[in-house]
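Novice: Structure of the sequence below:
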Amino acid sequence: MSTSTPDLFLGLISGTSADGIDAALVRFHGPAGGEDTRCELVRGHTFAWPEDLRAQLIALGQGAAIDSIDALGTLDVRLAEHFAGAAQGLLAMADVPAEAVRAIGSHGQTVRHRPAGAAFDGAFPFTLQLGDAHVIAELTGIATVADFRRRDVAAGGHGAPLLPALHHALLHAADEDRAVLNLGGIANFTLLPANGPVRGFDTGPANALMDAWCLRHTGRDFDADGAFARRGRCDQALLGRLLEEPWFALPPPKSTGREVFHLDWVAARLTGAESPADVQATLLELTARTVAGALRAHQPQTRRVLVCGGGVHNAALMQALAANLPGMLVESTAAHGLDPDFVEAMGFAWLARQCLAGLPGNLPSVSGARGPRVLGVVHPA
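Specialist: Predicted structure coming up:
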């Protein structure tokens, strides 16, 4: 492939918060795997789930059972139709024909995540994402790469985080130690030392708990700008009980999701005397405190924290992070040319490109896998 030939790929993901499908049309320059590879966001958009479907996804993520194999198969196809619709909608917005896109990289929707060494450790570790890629390829007419996590889990890894390799390619600096913080439903770090191996891991809850608590007590899907949290104060006793969760003490590699951090987990630690706003403020501080503690433990010399994901728009959370990370500059990835809302979706476009080139998509130093692996399964157009 000529370094002068741009490639168009489309990335799709619905994350732990299940607040919608993030779709990103991405143009790459330079050969896949090359040190001079660059990418740009051509167009990004978030397509909301129907309310009934979102409620079902959140319940499944928190461990609810599905009624039957028929129900599972139906959900797999229904989700795929929405992912395909998001891809088609984005291409219409960008006025780009389907035949101009080399491939779609679709993460799908995680409904179970049980890697080795997780809180629900068992003899048969697995991770499961829904959104049948055969359906996406059929409806869009575009080759679709999906099922990115299971190969890493099969190789003994956590299947997460999957984007540190992209973060390194786009945001590494030779003159300072950096960390990329994704504030999605779950918070996770990519540690980018000026010199040394890339590392990455989940740190605990971020938007998933705050959004769920806000919805329950205000009827709003999320706490815009942290206004609900600002009405309360952090309950130090409750915070202490939340921080006693054993998962926080696990060493990397580690990953988590709604299977650990959900509203029943919060409720089990309440006395019943807390005000809803105080609980919201405490959940916000829990995110800031666990993020800061993880960074101090694993890369205390960090000078710059680059934040992406929906949490970057929560001013109260960003202020709490800065207060818990004195001496470090906390800023959005937008300051470095990456739209914070679509970094993850861009990452799955990048992973699809890696897959088609036969190149690894994981970093064993991050996931704990036995070695580099090509991630994803190709479903031809």
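
Novice: Can you name the secondary structure element that comes next after the longest strand anywhere in the chain?
Specialist: Of all the segments of type strand in the chain, defined by DSSP state E, the longest one is strand 103-114. Following strand 103-114 in sequence order, the next helix or strand is strand 126-130 (DSSP states H and E).

Novice: Asn324 versus the closest residue to Asp225 other than its chain neighbours, what's the distance?
Specialist: What sits nearest to Asp225 in space, not counting adjacent residues and going by Cβ to Cβ, 6 or more residues apart in numbering, is Ala315, at 5.1 Å. For glycine as for every other residue, the C-beta is placed from the backbone atoms N, C-alpha and C. Distance from Ala315 to Asn324, counting by Cβ to Cβ, to the nearest Å: 15 Å.

Novice: Between these two, which has more neighbouring residues?
Specialist: Remark: of Ala315 and Asn324, Asn324 carries more neighbours, 19 against 13, as counted by other Cβ atoms under 10 Å.

Novice: wait, the more buried one sits on Ala294?
Specialist: No: between Asn324 and Ala294 there is no contact under Cβ atoms under 8 Å: 10.9 Å.

Novice: any weak-confidence spans in this protein?
Specialist: Within the chain, the segments meeting pLDDT under 70 span 1-6, 35, 117-122.

Novice: Domain boundaries for it, per the record?
Specialist: Domain ranges of the chain: 7-160+341-379, 164-336, per automatic domain parsing.

Novice: How far off centre is the first one?
Specialist: Going back to what we said before, that points to domain 7-160+341-379. The chain centre lies 10 Å from the centre of domain 7-160+341-379; the measure is Cα atoms, centre = their mean, to the nearest Å.

Novice: Count the residues that sit near Gly345.
Specialist: Rather than Gly, residue 345 is Ala. Around Ala345 there are 31 other residues, counting by other Cβ under 10 Å.

Novice: For it, list the residues it contacts.
Specialist: By Cβ atoms under 8 Å, 6 or more residues apart in numbering, the contact list for Ala345 reads 11-13, 22-24, 44.

Novice: Please repeat the previous calculation with a cut-off of 10 Å.
Specialist: Applying Cβ atoms under 10 Å, 6 or more residues apart in numbering to Ala345 gives the contacts 10-15, 21-26, 41, 44-46, 86, 90, 105-107, 339.

Novice: Point out the ones among those that are inside helices.
Specialist: Among these, DSSP state H puts 86, 90 in helices.

Novice: if we can go back for a sec, what angle do the longest strand of the chain and strand 126-130 make?
Specialist: Strand 103-114 runs at 130 degrees relative to strand 126-130, counting by axes from the mean of the first three to the mean of the last three Cα atoms, to 10 degrees.

Novice: Okay, now the sheet partners of strand 103-114, with direction.
Specialist: strand 7-14 (parallel), strand 126-130 (antiparallel), strand 144-146 (parallel) (DSSP bridges).
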